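Colleague: Build the 3D model from these lines:
(chains A and B)
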There are 2 protein chains.
Amino acid sequence: MLPVVVVHGGAGFVPKERAMQSKAGVCAAARSGYAILQSGGSSMDAVVEAVTKLENNPSFNAGCGSVLTTSGNVEMDAIVMDGKTLASGAVSAVRNIANPVQLARLVMEKTTHTCLTAHGANQFARAMGVPEVPQESLITEYSRMRWEKNLAPDANPVECQMGKMGTVGAVAVDIEGNVACATSTGGLLNKMEGRVGDTPCIGCGGFADNQAGAVSTTGHGEAIMKVTLARLILFHMEQGQSPEAASDLSLAYMKSRVQGLAGVVTVDPQGQWAARFTSSQMAWAAAQKDCLHYGLYTGEHFTQSIDEP
Amino acid sequence: MLPVVVVHGGAGFVPKERAMQSKAGVCAAARSGYAILQSGGSSMDAVVEAVTKLENNPSFNAGCGSVLTTSGNVEMDAIVMDGKTLASGAVSAVRNIANPVQLARLVMEKTTHTCLTAHGANQFARAMGVPEVPQESLITEYSRMRWEKNLAPDANPVECQMGKMGTVGAVAVDIEGNVACATSTGGLLNKMEGRVGDTPCIGCGGFADNQAGAVSTTGHGEAIMKVTLARLILFHMEQGQSPEAASDLSLAYMKSRVQGLAGVVTVDPQGQWAARFTSSQMAWAAAQKDCLHYGLYTGEHFTQSIDEP
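Modeller: Numbers count the residues shown, from 1 in each chain, chains lettered A, B, ... in the order given. Below is the predicted model of the structure:
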């Protein structure tokens, strides 16, 4: 069944006028990840490529397009994990970096650590020759508008979170059966400076293990952390559940136990996959056997040839 | 069987001349946590009190006595988790704070977030009126000596890590059957600035769930993260294993799968407990039914009345 790549553009509510962009964005990301797998590239290469595409797309809350902190800054979190070695790399609360997912990969490959935060992550980026970009280049008009709206004295925080385009992420299996995951986010709208969510936290924002599968998550970070959502799904798969059943069981548990909504993309090492969510929407796309699958609303599942424009 | 509190002073190798101090430190911390449980205090109060005692004790790598980063700074991580609500709070790479475990508890209780890092954690501390202390007050002669030794051109990093007194932590069950955990650390000797290890990462440095139990971990952080050690132990307990069996199974898995050594303290909601490690040593102590248990080397288990000096 392998290879396969599955991406998500965040669980939440996508305003109608942004639905098309979201679908197009996840489809383009899945295509670019799949092209790497088809040419014999690794699952790690594929997920980093797909997430880089989503970070560069201002429609998503990661890289350019990230939401702002209460003080109006962009602070981003990202993680990657390699299922073959269980190695992982992450950055948290990093500023002025166009592609945090690539910096997370450098942490995994070039240091003996697994996570660098804030000033330390930027110091490392400089040492690696990763260019720092002006904060303005990461901020869209849309994210500034929502930040200002939420600071207003009569702000309705629930309504303000409604336009939220969540975290982005990807999972993949390559032709050698290696699994990998990557997740990247600007975090929570109007979060405190220095807030770290589930994304860079191993087992929460993602997990990958060749003996079980790989997961990337999105949704209410603090609730995802209470149930270590990615690791929970893989525990169910270790006990024989399919990616879809394990994802649904874990999302239902999270909803009933801590009243949290989320979405996930999941693969097993054979290339079975699932894109599941309890939020009202999650833009997702998967590419396998030259077929592109995608959807946004619950129950939606379109398919087309990967060669169709 | 409840109430009970179990503390650890870090997995690793304790030089002979420091063994007495380590044992005395964990015993004093267990006593102070137990006094709170006996007077009807919560398991959260007990673990925070025990870990505060260990942070204040310069013999341990947490609070005063923390190891230094490559640049000679103290950057600390801590986490607390409440098994009743699954709420948690953490700080990472925080500087100039005497008791990071208390700041982690404030993150849990006073914000809608679960983790604040670096500058954001210090900003929050100021807003809460938590005093900042001079970095010098957290640095011991011993930690500065080891830092300098490790920077020397002929340094043997393995030998330098030998004197390592690890992370500290505690788990407890109160008379209502609520479980809690707390873990605090200065991290890895001569780590990069901004390095975040397992301690503040939920499911790695600790986890607490009234439906399963509570765990606090110590050891090689990057390896602990690869197996989400605390959450792994609780998965085994959810499947019927005792705290001791679940801890041993998970530590053995970590050793064989990722060649990592670690130690843990574990409780179940009934008050059964375990202190287990694969490192050569781990200072630990437990207080239950007016009896104090403690040890340092593998197989060591002393007991005495809690009233004995």
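
Colleague: ok, residue A:16 - how many residues close by?
Modeller: 6 (other Cβ atoms under 10 Å in any protein chain shown). All C-beta atoms are positioned from the backbone trio N, CA, C, and that covers glycine.

Colleague: if I look at it, how far off is residue A:284?
Modeller: To residue A:284, residue A:16 is 18 Å away according to Cβ to Cβ, to the nearest Å.

Colleague: And the strands in the stretch 151-300 of chain A, which stretches?
Modeller: A:168-173, A:179-185, A:206-209, A:213-219, A:262-267, A:273-277, A:281-288, A:291-297 (DSSP state E, counting those that start in this stretch).

Colleague: Determine which stretch of the ones you listed is the most buried.
Modeller: Mean neighbour count (mean count of other Cβ atoms under 10 Å in any protein chain shown) peaks for strand A:168-173 among these, with a mean of 36.

Colleague: can you give me the angle that strand makes with strand A:262-267?
Modeller: In terms of direction (axes from the mean of the first three to the mean of the last three Cα atoms, to 10 degrees), strand A:168-173 departs from strand A:262-267 by 20 degrees.

Colleague: which helices and strands sit right next to strand A:168-173?
Modeller: Contacts defined by 3 or more Cβ pairs under 8 Å, 6 or more residues apart in numbering or on different chains; DSSP states H and E place strand A:168-173 against strand A:4-12, helix A:16-38, helix A:43-56, strand A:179-185, strand A:206-209, strand A:213-219, strand A:262-267.

Colleague: for those, which one sits closest to residue B:49?
Modeller: When these are ranked by proximity to residue B:49, the top entry is strand A:206-209, at 33.5 Å, counting by Cβ to Cβ.

Colleague: which other residues reach the closest one?
Modeller: A:79-83, A:86, A:88, A:169, A:171, A:179-183, A:199, A:214-217, A:230-231, A:234, B:228 (Cβ atoms under 8 Å, 6 or more residues apart in numbering or on different chains).

Colleague: Return the residues of the stretch 51-200 of chain A in contact with chain B.
Modeller: Taking Cβ under 8 Å from any Cβ of the partner chain as the contact definition, the stretch 51-200 of chain A meets chain B at A:86-88, A:90, A:92-93, A:111-121, A:123-124, A:188, A:191-197.

Colleague: Now, of the residues you listed, which are buried?
Modeller: A:86-88, A:90, A:92-93, A:111, A:113-121, A:124, A:188, A:191-197 (16 or more other Cβ atoms under 10 Å in any protein chain shown).

Colleague: ok now do residue A:79, which residues does it touch?
Modeller: Residue A:79 neighbours (Cβ under 8 Å, 6+ apart): A:88-90, A:104, A:181-184, A:199-202, A:205-206.

Colleague: what about 6 Å?
Modeller: By Cβ atoms under 6 Å, 6 or more residues apart in numbering or on different chains, residue A:79 lies in contact with A:90, A:104, A:183, A:200, A:205, A:206.

Colleague: Equivalent analysis for residue A:106, please.
Modeller: Listed by Cβ under 6 Å, 6+ apart, the contact set of residue A:106 reads residue A:128.

Colleague: can you give me phi and psi for the residue in the stretch 151-300 of chain A that chain B sits nearest to?
Modeller: Residue of the stretch 151-300 of chain A nearest chain B, by Cβ to the nearest Cβ: residue A:194 (1.2 Å). Main-chain torsions, residue A:194, degrees, to the nearest 10: phi 80, psi 0.

Colleague: In space, what's closest to it - neighbours in sequence excluded?
Modeller: residue B:120 (1.2 Å; Cβ to Cβ, 6 or more residues apart in numbering or on different chains).

Colleague: doesn't that neighbour fall inside a helix?
Modeller: Yes. Judged by DSSP: H, G, I helix; E, B strand; the rest coil, residue B:120 forms part of a helix.

Colleague: now it: how far from residue A:291?
Modeller: Applying Cβ to Cβ to residue B:120 and residue A:291 gives a distance of 44 Å.

Colleague: How about residue A:207: what's its closest non-neighbour residue?
Modeller: Among residues not flanking residue A:207 along the chain, residue A:230 sits closest, at 4.0 Å (Cβ to Cβ, 6+ apart).

Colleague: quick one: that neighbour and residue A:213 touch, right?
Modeller: No. Between residue A:230 and residue A:213 there is no contact under Cβ atoms under 6 Å: 9.9 Å.

Colleague: For chain B, what is the nearest residue in the stretch 1-150 of chain A?
Modeller: Closest point on the stretch 1-150 of chain A to chain B, by Cβ to the nearest Cβ, is residue A:120, at 1.2 Å.

Colleague: Does that residue touch residue B:187 like I think?
Modeller: No. With contacts defined as Cβ under 6 Å, residue A:120 does not count as touching residue B:187, sitting 11.2 Å away.

Colleague: Number of residues surrounding residue A:27?
Modeller: For residue A:27, the neighbour count with other Cβ under 10 Å is 23.

Colleague: Run through the residues that contact the residue lying closest to it once chain neighbours are set aside.
Modeller: In this structure, residue A:27 finds its nearest non-sequential neighbour in residue A:285, 4.7 Å apart by Cβ to Cβ, 6+ apart. The neighbours of residue A:285, taking Cβ under 6 Å, 6+ apart as the test, are A:7, A:26, A:27, A:30, A:294.

Colleague: again, only this time at 7 Å
Modeller: A:7, A:26, A:27, A:29, A:30, A:292, A:293, A:294 (Cβ atoms under 7 Å, 6 or more residues apart in numbering or on different chains).

Colleague: Got the confidence number for it?
Modeller: On pLDDT, residue A:285 comes in at 98.

Colleague: and residue A:41, how many neighbours?
Modeller: 18.

Colleague: Would you verify that it is located in a strand?
Modeller: No. In this structure, residue A:41 is coil, not part of a strand, as judged by three-state DSSP.

Colleague: Pull up the residues of the stretch 201-309 of chain A that are close to chain B.
Modeller: Contact residues (Cβ under 7 Å from any Cβ of the partner chain) of the stretch 201-309 of chain A with chain B: A:201, A:202, A:203, A:204, A:222, A:225, A:226, A:228, A:231, A:235, A:258.

Colleague: any chance of those in JSON lines, with neighbour count and pLDDT too?
Modeller: Converted to JSON lines, those look like this (neighbours: other Cβ atoms under 10 Å in any protein chain shown; pLDDT from 0 to 100):
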{"residue": "A:201", "neighbour count": "32", "pLDDT": "98"}
{"residue": "A:202", "neighbour count": "29", "pLDDT": "98"}
{"residue": "A:203", "neighbour count": "32", "pLDDT": "98"}
{"residue": "A:204", "neighbour count": "31", "pLDDT": "98"}
{"residue": "A:222", "neighbour count": "22", "pLDDT": "91"}
{"residue": "A:225", "neighbour count": "29", "pLDDT": "97"}
{"residue": "A:226", "neighbour count": "25", "pLDDT": "97"}
{"residue": "A:228", "neighbour count": "30", "pLDDT": "98"}
{"residue": "A:231", "neighbour count": "24", "pLDDT": "98"}
{"residue": "A:235", "neighbour count": "21", "pLDDT": "98"}
{"residue": "A:258", "neighbour count": "17", "pLDDT": "96"}
